[in-house]
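*Asks:* missing the sequence, but the structure's below:
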DNA sequence: ACCAGGCTTTCACAACTCCTTCACGGGCGG
DNA sequence: CCGCCCGTGAAGGAGTTGTGAAAGCCTGGT
C-alpha cells in the first residue's frame, strides 16, 4: 500500500545502505560486517526509517510505527531516539551519514558517504 | 477543484519539470536526483506554483494557498519567499530557471533550460 | 524479595533554523 | 521627477531540533 518493496517480504528482507546492513528476519544490524547493539526502540526507528527511504517520515508516523501510538503534544521521544541512533551509527561508521533532518517535516534515511569534499552552503 | 490534473490524485502525484522532481506524497523534492532541503513555506510555494503551471498565479492566491490567508496590504512575504526558493533552486540546478515574474500579475512556474539548449521534451 | 544494569521517558537548556518585517535600490512608466 | 512594483539583504523574535542528564521502569540473577 505504501512502499512497494515493503509489500513483498515484510519480515524476510535485508536492507543494505552503504556499509550498513539490516537483516529484518534476524533483527540483526551489521555495520561494516560487525554486529551493532541496538535497543528495541533504536532498532525499530532504524527499520522504520530505512524501510521508507527515500521518503521523509514524520515524527507522528514514526511514533505510530515504533511506539504504537500517535505523538502526544510535547513528546520528544522520537528526537531523543534519533539522537541515540545517530550516535551509535556514527560510532560504528564515522564516515557515513544516515539520518537527515527536514525541519518541519520529519526525518529521512539515506546513506551518504562523507568523503573528503566539502559543500559550500546548506546541508551540514 | 481548480486545475484539471489536480483533481486526480491530490496527494499522490509526482510533478516533474526538467531536472526537478516533486513527490507530493513524501514532501520530497529532488534536484537532479539529490534531495533538496526546503522549509515548510518554500515547499508550499513550490508546490502551489508547480501545481498550477503554466498559469500565472497571483500573490494573493499564493498567500491564500501557502499562508492560509489573503495578502494583507504591504505584505512582502510572498516576494521574499519566492526569492529564497529561487536561491535554493538555482544553487541546486544553476542551468535551469523555474519561477518567472509577471509584473503586475504574479508568478509563473516553468522549467526552462538556460545556456545549453537540450532535452526540452515538454511544451514551451 | 532485593539488587544491578540497561532501557525508556521526561526535563531543561543550548543551538539552530525559520518567519516576518523593515529598509534600501533599481527599473519602468506616467 | 515621482510613484509603483519588484529584488534583495538584514535583524529580531518565534519556533524547532540537538543534547546531556535525572528519574522512572523493567528484567534477569541471586
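*Replies:* Looks like it arrived, so ask away. In this text the structure is predicted, and so the values were computed from the model without any measurement.

*Asks:* residues near residue A:62, how many?
*Replies:* 23 (other C-beta atoms under 10 Å in any protein chain shown). In short, each C-beta sits where N, CA and C put it, glycine included.

*Asks:* which residues touch it?
*Replies:* Neighbour list for residue A:62: A:45, A:48, A:49, A:78, A:106, A:107 [criterion: C-beta atoms under 8 Å, 6 or more residues apart in numbering or on different chains].

*Asks:* would you say the last one is within a strand?
*Replies:* Yes - with DSSP: H, G, I helix; E, B strand; the rest coil as the criterion, residue A:107 is assigned to a strand.

*Asks:* tell me, what's the model's pLDDT at residue A:11?
*Replies:* Looking at residue A:11, its pLDDT is 63.

*Asks:* again, but for residue A:26
*Replies:* Residue A:26 is given a pLDDT of 82.

*Asks:* find the centremost residue of chain A, please.
*Replies:* residue A:46 (3.5 Å; C-alpha atoms, centre = their mean).

*Asks:* which residues in chain A form helices?
*Replies:* Along chain A, counting by DSSP state H, helices occupy A:4-8, A:40-52, A:59-62, A:77-92.

*Asks:* does residue A:45 touch residue A:85 like I think?
*Replies:* Yes - at 5.5 Å, residue A:45 counts as touching residue A:85 under the criterion of C-beta atoms under 8 Å.

*Asks:* neighbour count winner among those two?
*Replies:* Neighbours were counted for residue A:45 and for residue A:85 using other C-beta under 10 Å; residue A:45 has more, 27 against 23.

*Asks:* residue contacts, that one?
*Replies:* Neighbouring residues of residue A:45 by C-beta under 8 Å, 6+ apart: A:62, A:66, A:78, A:81, A:82, A:85.
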